[in-house]
Each structure stands twice: as structure tokens, then as C-alpha cells.
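Undergrad: Following is a predicted model, sequence given first.
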Amino acid sequence: MSAQRAYWARHGTNLLVDHLRHERDAGARVIYEGPHALAVIPEFARYAYEVWVAPTRPTPSLAELDDEGAADLARALKTVLMKFDALWSRPFPYVLVVHQAPTDGEAHPEAQLHIELYPAYRMEGRLKYLAGSELGAGTFTADTLPEEKARELRAVAVTL
């Protein structure tokens, strides 16, 4: 939130919406693109198959979604989860985190609703274990490129 606030104060726009626009324009890390939502492996992903799913217009919270936005966000999330399970034809465990605006009664135009998925696997049959340097220094290391993992997931055909 502090980075989003600082970006809003400096640019008058939403940090994550601007980042999503950058990801969509680059295209290499996009997993799903719909009329109102986007799913990407961010270029700064900490996990091999980390995916962020978000509305493409400024949306501080789930409560701010209209029907079309909610439907497309759900479609994006379902697409990613189906691709995870179909990638190696087995259940694909993950942690799902929802980020949205604080519930303090104040307006938060800087906040952007987004869902982050942190899969446990870094490759088939290999779990992602945090190394001592990652835990101690708070710095993640990645042994894969987000573009490669996005390409793998895009290649997985799913039917909604």
C-alpha cells in the first residue's frame, strides 16, 4: 500500500493498473486477457508459476466490481487454476492471496484489487523451498524466467 500511495501521489495514476497495462503491452507474461481482467506472471515473480489476476480498470476492492468485471475476474482466475491442474495432469497446490483497499472508511484510489497465486512447485515434481538467504535477507531467488513459465501455461488448453 505504501508503494501504491507514493506512486499515486507522484503520478496521479494507479501503480498496478499502469503495471498491468505494461504487462499487456509486453504480452510475454500474459496468461489470460479478457475485456475486464488480466492474468500475468509478473516480471518480478518470486515463484516459478506465480500469477497475478486483476481487473484492468482501477478497482479498489471486490465490492467495487460491476457484474461484467466480476464475471471476467472469475473467468481469469478459473482459467489460471485449470491451467495449473492441467499442466502436469495432477492437482497443483498454491496459496491464494487477495489484496484490496483498506476497510477504514476512507477512499483509496491508489489501491488496486488483485489476486496473487503462489504455487508450491518450481518444476514438475520439485517443490519450491525457501533458501536461507531468502529467509534471512528477505530476497527471493528465481531459477526460471517468468516468460518461460508464462509460455508453458499459455500452451495448456483449457475449456471453461
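TA: Happy to help now that I have it.
Undergrad: Every contact and neighbour count from this point should use C-alpha atoms.
TA: Fine.
Undergrad: those helices in the chain, which residues are they?
TA: For the chain, the helices defined by DSSP state H cover 2-11, 15-26, 67-87, 132-137, 146-155.
Undergrad: for those helices, which one sits closest to residue 58?
TA: helix 15-26 (6.3 Å; C-alpha to C-alpha).
Undergrad: pLDDT value on residue 140, please?
TA: Model confidence at residue 140, expressed as pLDDT, equals 67.
Undergrad: returning to that earlier point: I'd like the helices of the chain written out as CSV, with distance to residue 54 added.
TA: Formatted as CSV, the helices of the chain follow (distance: least, C-alpha to C-alpha, whole Å):
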stretch, distance to residue 54
helix 2-11, 15
helix 15-26, 8
helix 67-87, 7
helix 132-137, 27
helix 146-155, 16
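Undergrad: Of all the ones you listed, which one is nearest residue 105?
TA: helix 2-11 (16.2 Å).
Undergrad: Please point out which parts of the closest one sit buried.
TA: 4-5, 7-8 (16 or more other C-alpha atoms under 10 Å).
Undergrad: can you tell me which of the helices of the chain the model trusts least?
TA: When I compare these, helix 132-137 is least confident, with a mean of 66.
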